[in-house]
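Asker: Predicted coordinates and the sequence they were generated for:
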Amino acid sequence: MKFEDAYEEYKIYAQNRHKKQGFYCLLHDFNGKILPYFKDYLIEDLSTKDFISWQNKILEFNYRNSYNKKIYSAFVGFLDYCCMYHGLKENVARTVGNFKNKVELKKDDFYTLEEFNQFIKCVDDEVYKQFFYLLFFTGLRSGEAMALKFSDLEGDYLSITKSLHRRGNREFDTPKNSSSIRKVLIDRKLKDSLLKLKKLYIRKYGVGNYDYFIFGGMKPLSTTTVDRKKKLACEKANIRPITVHQFRHSHATFLLQNGIMINEVSRRLGHSKVSTTLDIYAHTNLEQEKRVLATLSSTRYTFFYCLIHDFKRFITILKHYF
């Protein structure tokens, strides 16, 4: 069977087993990085040599390790399907194995509280200002924040049960995983600011009992406008820009630097495993280095103090007997 024909069947199979956003990403990666190389092959003719040649071609693009793993997983899933339903005897992707990790410098960036305050002063629209406040002080994914309606504000908690696609037709979807369905506590100041937005929408649209989007009113914010507002604020504040998703990193880093337990940070972010949080946020910074140094210096001082104290006691005992 031709590779391309098997792939057309696989798309129907995969569509029913992936979230919409995940399925679109799968198609994008497969169409761009796998199909052009193998579309004229017969699936039964695929060899480990062919797969290694493809890997070598992908490595020439110097993608990040995470992206290489992503397209490898897409290939594995397709060949597993061919093994199950088209009698393929060997999944050559599994036989060869994943791409070997290369050494990478961490590129994750985030704002400290001081930098965020510098940034937020320059956001000139109240709705967008509160949107960025929410991202920094809750760590919500942007799609989760954009999907929020005022019915999701329950007391001092935000109920996270849905997400909104950032691109395309902006459809609602379930959050990233089951752990992402959660309640996130917010402080009184943020809650009051969000409720002020509701009054703003009522004045604007004249409907008091409508379940408005918290950010946008009758319809959610445009992602392109969010990005534009962010860029303008960064330029005005003369601060380096970070991505919308990196406000989530900023929140997590802020909590960890202030001694919040990793399992609580993980729950608040909606990660399925604490190890995921550790993998992402196990970076060091200057303040942490200073704390390490202070601890080591204190330990050394205590050790030498005890040593000197014991030596003095030893001399005192000797003088007593001699």
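Answerer: Ah, there it is. Numbering: from 1, shown residues only.
Asker: can we go C-alpha only for contacts and neighbour counts from here?
Answerer: Will do.
Asker: what ranges do the strands span in the stretch 101-250 of the chain?
Answerer: 153-154, 157-160, 163-164, 172-173, 182-185 (DSSP state E, counting those that start in this stretch).
Asker: most tightly surrounded among the ones you listed?
Answerer: Greatest average neighbour count among those goes to strand 163-164 (a mean of 22), per mean count of other C-alpha atoms under 10 Å.
Asker: For the stretch 201-322 of the chain, which residues score under the pLDDT cut-off?
Answerer: Residue ranges of the stretch 201-322 of the chain with pLDDT under 70: 282-322.
Asker: hey, where'd the helices end up in it?
Answerer: 223-237, 246-257, 262-269, 274-281, 286-321 (DSSP state H, counting those that start in this stretch).
Asker: could I get the strands of the stretch 101-250 of the chain as TSV with distance to G32 and mean pLDDT?
Answerer: Listed next are the strands of the stretch 101-250 of the chain as TSV, based on distance: least, C-alpha to C-alpha, whole Å; pLDDT from 0 to 100:
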stretch	distance to G32	mean pLDDT
strand 153-154	41	95
strand 157-160	33	96
strand 163-164	25	92
strand 172-173	25	86
strand 182-185	35	96
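Asker: how about those strands, which one is nearest F61?
Answerer: strand 163-164 (31.3 Å; C-alpha to C-alpha).
Asker: how far out from the middle of the chain is that closest one?
Answerer: Averaged C-alpha coordinates place strand 163-164 at 15 Å from its chain's average position (C-alpha atoms, centre = their mean, to the nearest Å).
Asker: Strand partners (parallel or antiparallel) of that strand?
Answerer: strand 172-173 (antiparallel) (DSSP bridges).
Asker: hmm, who's touching the one helix or strand I58 maps to?
Answerer: In this structure, I58 sits in helix 48-59 according to DSSP states H and E. With contact meaning C-alpha atoms under 8 Å, 6 or more residues apart in numbering, helix 48-59 is reached by 33, 37, 68, 92-93, 95-96, 99.
Asker: buried ones in the helix or strand following it?
Answerer: The first helix or strand that comes after helix 48-59 along the chain, using DSSP H and E, is helix 65-85. Buried residues in helix 65-85, counted by 16 or more other C-alpha atoms under 10 Å: 68-69, 71-83.
Asker: Stretch 243-251 too?
Answerer: By neighbour count on 16+ other C-alpha under 10 Å, the buried set for stretch 243-251 is 244-251.
Asker: now stretch 24-38
Answerer: Result for stretch 24-38 [16+ other C-alpha under 10 Å]: buried residues 26-27, 29-30, 33-35, 38.
Asker: Could you give the bridge partners of the residue nearest to I214 when sequence neighbours are not counted?
Answerer: Among residues not flanking I214 along the chain, K149 sits closest, at 5.0 Å (C-alpha to C-alpha, 6 or more residues apart in numbering). Beta bridges link K149 to F213, judged by DSSP bridges.
Asker: K149: neighbour count?
Answerer: A count of neighbours around K149, defined by other C-alpha atoms under 10 Å, yields 21.
Asker: Could you do T112 as well?
Answerer: T112: 15 neighbours (other C-alpha under 10 Å).
Asker: If I look at it, what pLDDT would I see?
Answerer: At T112 the predicted local distance difference test score is 94.
Asker: Next, work out how far apart it and A145 are.
Answerer: Per C-alpha to C-alpha, to the nearest Å, T112 is found 21 Å from A145.
Asker: Ok, G97 next?
Answerer: 38 Å.
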